[in-house]
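Asks: Build me a model from this:
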Amino acid sequence: MKIKNVGGVIVGLALLLFLAELVPAADKAMYNVLAVMSYGPDYEFVQEVRHGIASALSDTCRIEYVYLDTKKNIAGGPQKAKAAFELFQTLRPDGVIAADDNAQSMFVVPYLKDKVKTPVMLCGVNADLEKYGYPAPNVSGILERLHIAETIAFARQLVPSIETVNGISTRR
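Replies: Numbers count the residues shown, from 1 in each chain. Below you'll find the predicted structure:
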């Protein structure tokens, strides 16, 4: 999967929505966030998402990462997702970030969607939301699309006061 200029904008918008979900828990000094990545830490997309998460949340959140590593071992994904849920139960995070489609199908849908009140922010999802039974009361996020127009339109539905969107690319 190749993401050029859209990745940083998608992650930024998703994290803004995620932060809005955490506002009611403002009395805590640090929030616990569980980030479940479909792929391993060596993939560029995962590194971009981690960078976006860290830049937006590292001052206020303790972030625990889990890698399903389904790009290299799709068959092992469900077992790693089960382990991620066990960590979720131990950590009791204030929020979850689930990156890419396999994190949805193997982790969010079987363990979190409609089962917990913890807010889940998705990012990097390519499939239509209906595939995962979204929308769900505790799941929100931004879909990955090659064109930014759909993401901006969705953001404007959520926050009608948005008038301007800027993007910066570090790629050549």
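
Asks: Going by C-alpha atoms from here, please, whenever you check contacts or count neighbours.
Replies: Will do.

Asks: Find the helix or strand that the closest residue to L91 other than its chain neighbours is a member of.
Replies: Leaving aside its sequence neighbours, L91 sits nearest to N32 (Cα to Cα, 6 or more residues apart in numbering; 7.6 Å). Using DSSP states H and E, N32 falls within strand 31-37.

Asks: For the protein, which segments are assigned as strands?
Replies: 31-37, 61-67, 95-99, 120-125, 139-143 (DSSP state E).

Asks: Turn these into TSV, including mean neighbour count and distance to G133.
Replies: Listed next are these as TSV, based on neighbours: other Cα atoms under 10 Å; distance: least, Cα to Cα, whole Å:
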stretch	mean neighbour count	distance to G133
strand 31-37	24	19
strand 61-67	17	23
strand 95-99	25	15
strand 120-125	25	13
strand 139-143	22	10
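
Asks: Would you single out the least confident of those?
Replies: Here the strands of the chain differ in mean pLDDT, and the lowest is strand 139-143 at a mean of 88.

Asks: Quick one: list the elements packing against it.
Replies: Secondary-structure packing of strand 139-143 (3 or more Cα pairs under 8 Å, 6 or more residues apart in numbering; DSSP states H and E): helix 6-22, strand 120-125.

Asks: Which of these comes out lowest on mean pLDDT?
Replies: helix 6-22 (a mean of 54).

Asks: what about this protein, any weak spots by pLDDT?
Replies: Low-confidence segments of the chain, defined by pLDDT under 70, are located at 1-28, 145-147, 169-172.

Asks: what distance separates stretch 138-148 from the middle of the whole chain?
Replies: 9 Å (Cα atoms, centre = their mean, to the nearest Å).
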